[in-house]
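Colleague: give me coordinates for this.
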Amino acid sequence: MKMVIRKANERGHANHGWLDTWHSFSFADYHDPAWMGYRTLRVINDDLVMPGQGFGKHPHRDMEIITYVLSGALEHQDSMGNGRIIRPGEFQYMAAGTGVLHSEFNPSKDEAVHLLQIWILPDHAKARPAYAEKRTQELAAGAWHLITSQTGRDDSMTINQDADLWLARLAPKQTLDRAVAAGRHAWLHVAEGEVNLNGQTLVGGDAAAVDGSVVLKLEATKASQVLLFDLN
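Modeller: This is a model prediction of the structure:
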């Protein structure tokens, strides 16, 4: 088993005034050949969008795009006809496929929106554009919940890649294990809080890349949210 820690303060960072963003992997003007992505996981942007600001209408193609709102609200519109305000604890999925236009806007006059924008490489080009949402507000703490999968099993959102995304919320002192199977790879991202991962302390924005068969052992030292990508 090999584990590499990616510390939050070592990520790429840009503050544009309307957007304060941290890049786990190379993105836009941030380029680091050591961090171009991990397996099929290409982007994790930790974004804080100021009130009344946002991303104007822009195109995407051949990418699986997942957004998770941590606080505030995000208004989404796209060329497929979807229009929705995404709130904390809600995931949004968009298969850009053959091409999609969309915009993301903070509709609040006084509260920033904190979100994670995630891009996963699809397993084939020119997929049919698609859209889905998943609420997690009612899901129990102290357990893993499947958010995306290639098969759509267990009420997860179906995506065009063999990439299982799991979410766990942990209360202080709560523990949780997760086995990484032989031949699989994991990227664990602490969205919020602080956890101990197999003896390593990780805080919000920190991540760990794991190759090889291992049991990941988590213990929260603060209230935490953790995302785990199980990748081929």
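Colleague: can you give me the neighbour number for residue 98?
Modeller: If you count neighbours by other C-beta atoms under 10 Å, residue 98 ends up with 12. In this view, the C-beta of every residue, glycine as well, is placed from N, C-alpha and C.
Colleague: relative to residue 77, how far out is residue 159?
Modeller: According to C-beta to C-beta, to the nearest Å, residue 159 stands 21 Å off from residue 77.
Colleague: between the two, which one's more packed in?
Modeller: The residue with more neighbours, out of residue 159 and residue 77, is residue 159; 27 against 15, by other C-beta under 10 Å.
Colleague: ok, the more buried one - contacts?
Modeller: 64, 66, 93, 95, 120, 122, 148, 149, 150 (C-beta atoms under 8 Å, 6 or more residues apart in numbering).
Colleague: show the buried residues in those.
Modeller: The neighbour-count criterion (16 or more other C-beta atoms under 10 Å) marks 64, 66, 93, 95, 120, 122, 148, 149 among these as buried.
Colleague: quick one, phi/psi of the residue of the chain most remote from its centre?
Modeller: Distance to the chain centre peaks in the chain at residue 109, reaching 25.5 Å (criterion: C-alpha atoms, centre = their mean). Per-residue torsions, residue 109: phi -90, psi -10 (degrees, to the nearest 10).
Colleague: confidence score at the residue nearest to it when sequence neighbours are not counted?
Modeller: Distances taken as C-beta to C-beta, 6 or more residues apart in numbering place residue 51 nearest to residue 109, at 5.5 Å, with adjacent residues excluded. For residue 51, the pLDDT comes out at 98.
Colleague: what about residue 51, how many neighbours?
Modeller: Residue 51 sits with 15 neighbouring residues when counted by other C-beta under 10 Å.
Colleague: with residue 204 instead?
Modeller: Neighbours around residue 204, by other C-beta under 10 Å: 17.
Colleague: ok, it touching residue 8?
Modeller: Yes. Here residue 204 reaches residue 8: they are 6.6 Å apart, a contact under C-beta atoms under 8 Å.
Colleague: all helices for this protein, in order.
Modeller: In the chain, no helices are defined using DSSP state H.
Colleague: and residue 203, what is it in contact with?
Modeller: Per C-beta under 8 Å, 6+ apart, neighbours of residue 203: 8, 190, 193, 194.
Colleague: so residue 128 versus residue 93, what's the distance?
Modeller: Computed with C-beta to C-beta, the distance linking residue 128 and residue 93 is 13 Å.
Colleague: cool, and residue 110?
Modeller: Distance from residue 110 to residue 93, by C-beta to C-beta: 29 Å.
Colleague: how many neighbours does the residue nearest to residue 43 when sequence neighbours are not counted have?
Modeller: If the residues on either side of it in the chain are set aside, residue 43 comes closest to residue 119, at 3.6 Å by C-beta to C-beta, 6+ apart. The tally of other residues near residue 119 (other C-beta under 10 Å) stands at 20.
Colleague: surely residue 119 touches residue 62?
Modeller: No. Using C-beta under 8 Å, residue 119 is not in contact with residue 62; the gap is 10.4 Å.
Colleague: spit out the contact partners of the residue lying closest to residue 72 once chain neighbours are set aside.
Modeller: Excluding the flanking residues, the one nearest residue 72 by C-beta to C-beta, 6+ apart is residue 113, at 3.1 Å. Residues near residue 113 by C-beta under 8 Å, 6+ apart: 48, 49, 69, 71, 72, 73, 74, 106.
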